[in-house]
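Colleague: Dropping the sequence and predicted coords here.
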Amino acid sequence: METKSRILIAKPGLDGHDRGAKVIARMLRDAGFEVIYTGLRQTAPMIASAALQEDVDVVGLSILSGAHMTLVPHIREAMNANGLDDVPIILGGIIPDEDKAALADLGVAGIFGPGATSEQIVARVREIVAATGTAGT
């Protein structure tokens, strides 16, 4: 029996726009991943705890508020405190080019902005999972 790769999709902060996160969650599920969607208004400790409890291979964040440079470091810190320093993060939102290097340093392995296709997202997530050496999709 094949083990599916597990991806946590979370909406950190106070941003209430969750349609994109739900679309991505469903798209990844349809591509064969096991997806855990945590819902709106998640804190860094909540995301790290869910990632640990669900034993995920990737954490996906949807941040449309522009607070990615504040939220991602807190989430990475909480994940590291829970022994999840090897779990990559993917990020969806409108991310300025000048922030991408700093986000990569925090373990953001994929950034998807407006116009990213489902094929691009699925392909990149598969590359990330393959690079981490986890089994599954």
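Modeller: Sure, I can see it.
Colleague: What are the phi and psi values at the closest residue to residue 67 other than its chain neighbours?
Modeller: In space, and not counting its chain neighbours, residue 67 is closest to residue 13: 5.4 Å by C-beta to C-beta, 6 or more residues apart in numbering. Backbone N, C-alpha and C define where each C-beta goes, glycine included. Phi and psi for residue 13, reported as degrees, to the nearest 10, are phi 80, psi -160.
Colleague: Residue numbering should commence at 53 henceforth.
Modeller: New numbering, starting at 53: the last item is residue 65.
Colleague: Make sure residue 65 is actually in contact with residue 114.
Modeller: No - taking contacts as C-beta atoms under 8 Å, residue 65 lies outside contact range of residue 114: 9.9 Å.
Colleague: Of the two, which one has the most company?
Modeller: Remark: of residue 65 and residue 114, residue 114 carries more neighbours, 27 against 23, as counted by other C-beta atoms under 10 Å.
Colleague: How about the contacts made by the closest residue in space to that one that isn't next to it in sequence?
Modeller: Leaving aside its chain neighbours, residue 114 sits nearest to residue 73 (3.9 Å; criterion: C-beta to C-beta, 6+ apart). Contacts of residue 73 were listed using C-beta atoms under 8 Å, 6 or more residues apart in numbering, and they are 61, 62, 63, 89, 112, 114, 144.
Colleague: before we move on, which element is residue 73 in?
Modeller: In this structure, residue 73 sits in helix 71-82 according to DSSP states H and E.
Colleague: for that helix, the distance to its chain's centre please.
Modeller: Centre-to-centre, helix 71-82 and its host chain are 12 Å apart (C-alpha atoms, centre = their mean, to the nearest Å).
Colleague: Likewise for stretch 134-146?
Modeller: With C-alpha atoms, centre = their mean as the basis, the mean position of stretch 134-146 lies at 5 Å from the chain mean.
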